[in-house]
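In: Got a sequence here, can you model it:
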Amino acid sequence: MNRFVFVCLFLSIAGATMDAQTLNVTEHILKNGLKIILQEDHTVPSVCYYTFFKAGGRTERPGITGISHLFEHMMFNGSAKYAPMMFDRIIESGGGYSNGSTWNDFTNYWEEFNPDILETILDMEADRMRALRVDAANLEQERGIVMEERRLSVDNNVTAKMYEELYAAAFVASMYHFPVIGWMKDIENITLDDAKKYYRTFYAPNNAVVIITGDFNSDRVMELMEKKFGDIPSQEPPQRVIDAEPPQEGEKRVELHKVAELPAVAIAYKGAAATDSDFYALDLLATILSRGESSRLYRTLIYEKQLVADVSASNDEFIDPGLFIIYAQMRPGKTTSEAEKEIYSIIADIQQNGVSETELQKAKNAVQADYVRRLETNQGRGFLLGFYEVVHGDYHVMFDVLNSYNAVTRADVQRVAKKYLTDRNRTVVTLFPEKPEETAATH
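Out: Next up is the predicted model:
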């Protein structure tokens, strides 16, 4: 067994507390505000490099929604020293790969590669942080790609469209109202000036966190980081995002009419922020409801009642309060009303009678296993370090996360079910399937 995995697994099973020293994690901050987190581990001859920019759907505004995701594409298209496509070619020739993703609370970029090209990677990363090619050609090329991505992944994807409608209806003032991919009209109309301003503000070193995990020498890496990143100027910090979402005072319902085979329903409740202690109980509740064939929703809706073909529950882990979501797709001949009735009955039973110790322990075991698996790889550890630093405000939180889950009691799960999963706090999107000819007739 991999030494690092064995240590982490032993710690989690034994209930010991992990810390930065145990996992060989160090942090550094350059004079320009760039935070660097290093996790040196020589078990595998590989290095993973992450950059987390505190830029995502949450940091946008009407008129430029989707600009963070647009930059995810533009960031691979050349900088002052490196021509378009060179970034990927250099990484792939060194036995590595790269990618990026945009979330509500951040955008991240990562590469995994052989240690012998680490200095080259640092040079490329510094150059695109300092002098990305933000010009009309790059913008227009990626604008077209993102618009097509939106058509395929949202407009022509029934489930994704349901979730977009769910967030847009549930949130009034929260920035989570907007889709991360952006509204189509905004994507069409983002200007070059918009892009330059956004890059200057949100891609500055003082708005970023770099995480490097794997086979390297920390002292040597810090020498290189100072050399390559130290002279990138910091910028005026972005304006603080205010969570102005008011309390929900009644159920909201949305009907979505799309070409589809079967009806479906998505039910959302306003949840808790990642830093709220209630988050852990809500997360375990979602696991109890839908993880595995013995879970409450699966057992009742799929096995016993045979109402749905698919059912799931999830709990957002966001900076500001997100959503607790239950999704169900019907079987032929079954209705969403039948599914809703059973779902609300299951929730009411938990609110009145709680969950069993067996259910709670099974959920804790599942969460723990997922967490330990993330620690097995350089990429998994790099993501966790960046995620907890940005979303929870401090990467040290990740060292105590298992204790936070283990501290949740049956009474906590029952309490959060009563507190959050209420009728007035609920938003429901119902899919009404249409045939292609019916849709055509309405346009």
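
In: what are the pairing partners of the helix or strand harbouring Thr26, and which direction each?
Out: Thr26 is located in strand 25-29, with elements delineated by DSSP states H and E. Paired strands of strand 25-29, with direction, are strand 35-40 (antiparallel) (DSSP bridges).

In: neighbouring contacts of the strand it pairs with?
Out: The contact list for strand 35-40, computed with Cβ atoms under 8 Å, 6 or more residues apart in numbering, reads 23-30, 208-218, 221-222, 225, 381-382, 385-386, 389, 395. All C-beta spots, glycine's among them, are computed from the backbone N, C-alpha and C.

In: Now the buried members of those.
Out: Applying 16 or more other Cβ atoms under 10 Å to the contacts of strand 35-40, the neighbour count classes 23, 25, 30, 208-216, 218, 221-222, 225, 381-382, 385-386, 389, 395 as buried.

In: I'd like the list of those residues that fall within helices, please.
Out: Within those, residues falling in helices by DSSP state H are 218, 221-222, 225, 381-382, 385-386, 389.

In: quick check, nearest of the residues you listed to Asp19?
Out: Nearest to Asp19 among these is Leu385, at 13.0 Å by Cβ to Cβ.

In: Tell me which residues are up against stretch 223-231.
Out: Residues contacting stretch 223-231 (Cβ under 8 Å, 6+ apart): 28, 30-32, 34, 36, 118-119, 122-123, 125-126, 129, 205, 210.

In: cool, and stretch 398-407?
Out: Against stretch 398-407 from outside (Cβ under 8 Å, 6+ apart): 12, 15, 17-20, 22-23, 277, 280, 283-284, 364, 367-368, 371, 384-385, 387-388, 392.

In: try it again with 7 Å
Out: Stretch 398-407 has contacts (Cβ atoms under 7 Å, 6 or more residues apart in numbering) with 12, 17-20, 280, 284, 364, 367-368, 371, 384-385, 388.

In: Any of those residues buried? List them.
Out: Neighbour-count burial (16+ other Cβ under 10 Å) applied to these gives 12, 18, 20, 280, 284, 364, 367-368, 371, 384-385, 388.

In: Pull the most distant pair out of the residues you listed.
Out: Pairwise distances across the buried ones among the contacts of stretch 398-407 peak at 26.1 Å for Ala20 and Leu284 (criterion: Cβ to Cβ).

In: any weak-confidence spans in the chain?
Out: Within the chain, the stretches with pLDDT under 70 are 1-17, 437-443.

In: Spatially central residue in it, please.
Out: Trp103 (4.9 Å; Cα atoms, centre = their mean).

In: phi, psi of that one?
Out: Main-chain torsions, Trp103, degrees, to the nearest 10: phi -120, psi 180.

In: out of everything not next to it in sequence, what's closest to it?
Out: Nearest residue to Trp103 in three dimensions, chain neighbours excluded: Gly56, at 5.1 Å (Cβ to Cβ, 6 or more residues apart in numbering).

In: Report the separation between the nearest residue to Gln235 once chain neighbours are set aside and Glu236.
Out: Nearest residue to Gln235, sequence neighbours excluded (Cβ to Cβ, 6+ apart): Ala204, at 3.8 Å. Ala204 is 9 Å from Glu236, where distance means Cβ to Cβ, to the nearest Å.

In: Looking at these two now, which is surrounded by more residues?
Out: Ala204 (24 against 9; other Cβ atoms under 10 Å).

In: pretty sure that one is touching Pro238, no?
Out: No. Using Cβ atoms under 7 Å, Ala204 makes no contact with Pro238, being 8.8 Å away.

In: ok, Leu360 - contacts?
Out: By Cβ under 7 Å, 6+ apart, the neighbours of Leu360 are 284, 288, 410, 413.

In: just checking, the first one touches Asn365?
Out: No. Because the distance of 10.7 Å does not satisfy Cβ under 7 Å, Leu284 is recorded as not touching Asn365.

In: sorry, back to before: please tell me how far the residue nearest to the centre of the chain sits from Gly386.
Out: 11 Å.

In: What are the structural domain limits within the protein?
Out: 20-229, 252-441 (automatic domain parsing).
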